[in-house]
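> coords please:
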Amino acid sequence: MARRTRLEVLGSILEICGKDGASKTRIVYQINLNFKNAGAYLKWLTEKGFLEKHDRLYKITPSGEEMLENLIEINSILDIDDSLKEKES
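Numbers count the residues shown, from 1 in each chain. This next block holds a predicted model:
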């Protein structure tokens, strides 16, 4: 199994916290992180204003939605570049 990048983990967290929000436990199990790492990511995302904590739920902010859109766009660009490299081989 390939190791995920930090950007992939951040994008997954933002995606899960969309719509209705998500608890730390849900995030840990859906993304397959441990609680310590999940806590570090959630702290960073909250401090930067990409997530807000409401009671036990983390919810995405408008700037978090913008970041998620940018991560999706970057990912799609990188996937195109990877497919080009495979064709050259």
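
> what ranges do the helices span in this structure?
Taking DSSP state H as the criterion, the chain carries its helices at 6-16, 24-31, 35-47, 62-88.

> residues in contact with N34?
For N34, the contact set (CB atoms under 8 Å, 6 or more residues apart in numbering) comprises V28. From N, CA and C alone the C-beta is placed, and that goes for glycine too.

> Need phi/psi at it.
phi -90, psi 170 (degrees, to the nearest 10).

> gap between it and I60?
22 Å (CB to CB, to the nearest Å).

> neighbours around G11, how many?
Counted with other CB atoms under 10 Å, the burial measure for G11 works out to 20 neighbours.

> list the contacts for K19?
Neighbours of K19 in contact, by CB under 8 Å, 6+ apart: none.

> The closest residue in space to I74 that isn't next to it in sequence: neighbouring residues, count only.
For I74, ignoring the flanking residues on the chain, the nearest one in space by CB to CB, 6 or more residues apart in numbering is L7 at 7.3 Å. Look at L7: counted by other CB under 10 Å, it has 14 neighbours.

> Surely L7 is in contact with L71?
Yes - the pair L7 / L71 is scored as a contact, 5.9 Å apart, by CB atoms under 8 Å.

> picking that back up, and K53, which of the helices of the chain is closest to it?
K53 lies closest, by CB to CB, to one member of the helices of the chain: helix 35-47, at 6.1 Å.

> Okay, angle between the closest one and helix 6-16 too, please.
Orientation of helix 35-47 against helix 6-16 (axes from the mean of the first three to the mean of the last three CA atoms, to 10 degrees) gives an angle of 70 degrees.
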